[in-house]
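Q: no FASTA, just this:
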């Protein structure tokens, strides 16, 4: 049902699957009232957003089924709480990583800007001395000088 894999479903979509959910409960031997299942989708939306979170659904199913032992409910609540705190710790680590990356991004931008300013402030003569002569643009003297290759081509034509 959760095609977006975000662990939430709109109540309207979940209600479209009432029959399938009821058949699943019956096949598992869960003791429940089919009429309660229809109301459960409204009740389990605790914050009344129209969206049912996975935790709300699990809690609603547990409360709907009368054969669940109170200890099972406590165990389930404990596991959900542990998962929740692990998610919060992961979220905190991700936030810290994002802040570090943003900090390094600012430093990198400053470094690039400093290098650009340094390159722009260098004298033109120094940069031409450092430029490669074998792959760069030819100088005016090189353009005007006759090339030996061209003379050989003329000799081949005769």
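A: Everything's here; your move. Note that the structure is predicted; figures quoted are calculated from it, not measured. Residues are numbered from 1 along each chain as shown.

Q: report the buried residues of the host helix or strand of residue 13.
A: Residue 13 is part of helix 11-16, with elements assigned from DSSP states H and E. Residues of helix 11-16 classed as buried: 11, 14, 15 (neighbour count, 16 or more other C-beta atoms under 10 Å). For glycine as for every other residue, the C-beta is placed from the backbone atoms N, C-alpha and C.

Q: same deal with stretch 15-29?
A: For stretch 15-29, burial by neighbour count (16+ other C-beta under 10 Å) applies to 15, 21, 25.

Q: hmm, back to that, what's downstream of the helix holding residue 13, the next helix or strand?
A: Once the chain leaves helix 11-16, the next helix or strand it forms, by DSSP H and E, is helix 18-27.

Q: give me the mean pLDDT for that following helix.
A: Within the predicted structure, the mean pLDDT of helix 18-27 is 86.

Q: ok, stretch 63-78 next?
A: If you average the pLDDT over stretch 63-78, you get 68.

Q: could you do stretch 30-44 as well?
A: For stretch 30-44, mean pLDDT rounds to 75.

Q: buried residues, that stretch. List them.
A: Going through stretch 30-44 with 16+ other C-beta under 10 Å, the ones that come out buried are 32, 37, 40, 41, 44.

Q: from the buried residues of stretch 15-29, which is closest to residue 105?
A: Looking at those and their distance to residue 105, the nearest is residue 15, at 45.9 Å (C-beta to C-beta).

Q: got the contact list for the closest one?
A: When contacts are counted by C-beta atoms under 8 Å, 6 or more residues apart in numbering, residue 15 touches 38, 41.
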